[in-house]
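[1] what's the 3D shape of this:
(one chain, ligands or ions: 1)
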Amino acid sequence: MIGQIVATATADLIERVRSGEVVDAVAAFTRSIPTIVIATLMNLPKERVPEFIAWTDQMGGIMEGRDDPSPRARELVATGLEATGEMNRFVGTIVEDRKKHPGDDLVSRIVHTEVPVTLAETISANTQLVFAGNETTSKLMGLSLVALAAHPEQRDELRRDRSLIPQAIEEIHRWTSVKTWSIRFLKADAEIGGEVLPKGTTLMAMQGAANRDPERWENPGVLDIHRAAKAHLGFGTGPHTCMGLNLARLEVATVLNRLLDEIPEWEVNNVDYGRNSMIRGPVEIPVSLS
Ligand code: HEM
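    Numbers count the residues shown, from 1 in each chain. Have a look, this model is predicted:
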């Protein structure tokens with residue numbers, strides 16, 4: 001299913017880039033593929049995918065703006081909360097539908113779980129599913145295109161030996177994190193870096209920095225697809241580790257395989273990284289062939 005979605009979504013860019021055009025990969029496919037995939041898994045109406053993209057982007061704005069007092073950021077948060085309401089209302093109608101007409105989709109499985117959950121929890125779990133794997137997966141896809149264009153020798157190795165793709169994706173994710181920081185609240189007094197912090201302290205945990213910790217990785221600033229496997233924090237850790245990590249990996253691998261087949265020497269110039277530092281990644285990737 002993912003292979004088909006990726007083939008359809010990338011076809012136009014591949015054709016235009018081959019004929020000499022410069023095409024934005026975000027608009028062409030990285031932003032839409034994750035949404036189409038999750039909408040398919042949840043059996044949501046395909047024609048509403050553009051709305052899901054708009055809502056989830058606006059919901060992402062809450063994270064971009066939450067700790068910034070500027071009017072622009074306040075506006076981002078207000079719009080994001082409105083979009084969350086829209087998404088919850090829409091998901092509510094789908095949940096009601098799957099109660100009566102269960103199918104072999106993710107929503108039906110959550111609705112008909114034996115675990116006792118309230119309606120609000122069911123709706124928020126499904127909203128979370130539509131939201132969580134969108135911008136994040138799109139950005140890892142984009143960061144992978146950029147990282148490999150900047151490391152053509154390693155990309156060429158991947159083209160020749162596709163079995164290296166999973167470890168390359170892990171290394172790219174470590175090297176150029178998507179979720180660069182998270183907010184955490186101390187549940188008890190704790191000593192961190194030699195300083196005692198009281199219960200209730202708000203922490204900004206810099207997982208992007210942890211992914212380049214020189215005590216954990218030799219030459220952490222170097223991208224090396226042959227680096228020995230070692231857990232990084234790109235998908236979080238502990239009980240709330242990302243639930244969609246294997247789906248994200250599969251989507252990125254499918255895109256890379258496709259591009260390595262069709263336009264293995266892609267180039268990128270003037271990448272725009274937007275302004276979201278928490279969920280970091282390109283918002284525009286002009287792709288061309290030399
Ligand atoms: C490259 C893509 C992705 C990245 C970088 C990413 C990153 C993360 C991170 C860092 C967390 C932990 C948050 C925390 O501890 O506060 C998380 C949680 C989560 N992710 Fe992802 N994610 C990605 C893709 C996906 C996909 C594709 C899905 C589902 C379709 C998904 C669903 C979730 C869910 C449901 C949680 C919450 C888990 C829980 O609280 O128990 N994510 N993700």
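[2] for the protein, what lies in contact range of the ligand?
    Proximity of the chain to the ligand (CB under 6 Å from any ligand atom) is limited to residues 38, 128-129, 132-133, 136-137, 140, 178-179, 182, 234-236, 240, 242-244, 247-248. For glycine as for every other residue, the C-beta is placed from the backbone atoms N, C-alpha and C.
[3] just give the number of residues close to L158.
    21 (other CB atoms under 10 Å).
[4] please disregard the earlier target; I meant V117.
    Residues contacting V117 under the criterion other CB under 10 Å number 14.
[5] excluding covalently adjacent residues, which one is nearest to it?
    Nearest residue to V117, sequence neighbours excluded (CB to CB, 6 or more residues apart in numbering): A125, at 7.4 Å.
[6] can you tell me the helix or strand for the one you found?
    In this structure, A125 sits in helix 119-132 according to DSSP states H and E.
[7] what about the residue in the chain that the ligand sits nearest to, how many neighbours?
    When scored by CB to the nearest ligand atom, the chain has G244 as its residue closest to the ligand, at 2.0 Å. Other residues within reach of G244, judged by other CB under 10 Å, total 20.
[8] any idea how far it is from G3?
    Distance, G244 to G3, by CB to CB, to the nearest Å: 18 Å.
[9] please enumerate the helices of the stretch 51-200 of the chain.
    Using DSSP state H, counting those that start in this stretch, the helices found in the stretch 51-200 of the chain span residues 71-100, 106-111, 119-132, 135-150, 152-160, 165-175.
[10] what residues of the fifth one count as buried?
    What that stands for is helix 152-160. Across helix 152-160, burial judged by 16 or more other CB atoms under 10 Å covers 154-155, 158-159.
[11] one more: the second one?
    Across helix 106-111, burial judged by 16+ other CB under 10 Å covers 106-108, 110-111.
[12] quick revisit: nearest spatial neighbour of the residue of the chain closest to the ligand, skipping sequence neighbours?
    Nearest one to G244, counting by CB to CB, 6+ apart, is G133 at 4.5 Å.
[13] circling back: biggest separation within the buried residues of helix 106-111, which pair?
    Of all pairs drawn from the buried residues of helix 106-111, the widest gap by CB to CB lies between L106 and V111 and measures 9.6 Å.
[14] who touches stretch 224-236?
    For stretch 224-236, the external contacting residues (CB atoms under 8 Å, 6 or more residues apart in numbering) are 154, 157-158, 164, 167-168, 170-171, 173-174, 177-179, 182, 207, 210-211, 216-217, 237, 241-242, 245, 248.
[15] for S288, list each beta-bridge partner.
    Taking DSSP bridges as the rule, S288 bridges to E267.
[16] quick one: residues contacting it.
    Contacts of S288 (CB under 8 Å, 6+ apart): 17, 20-23, 266-269.
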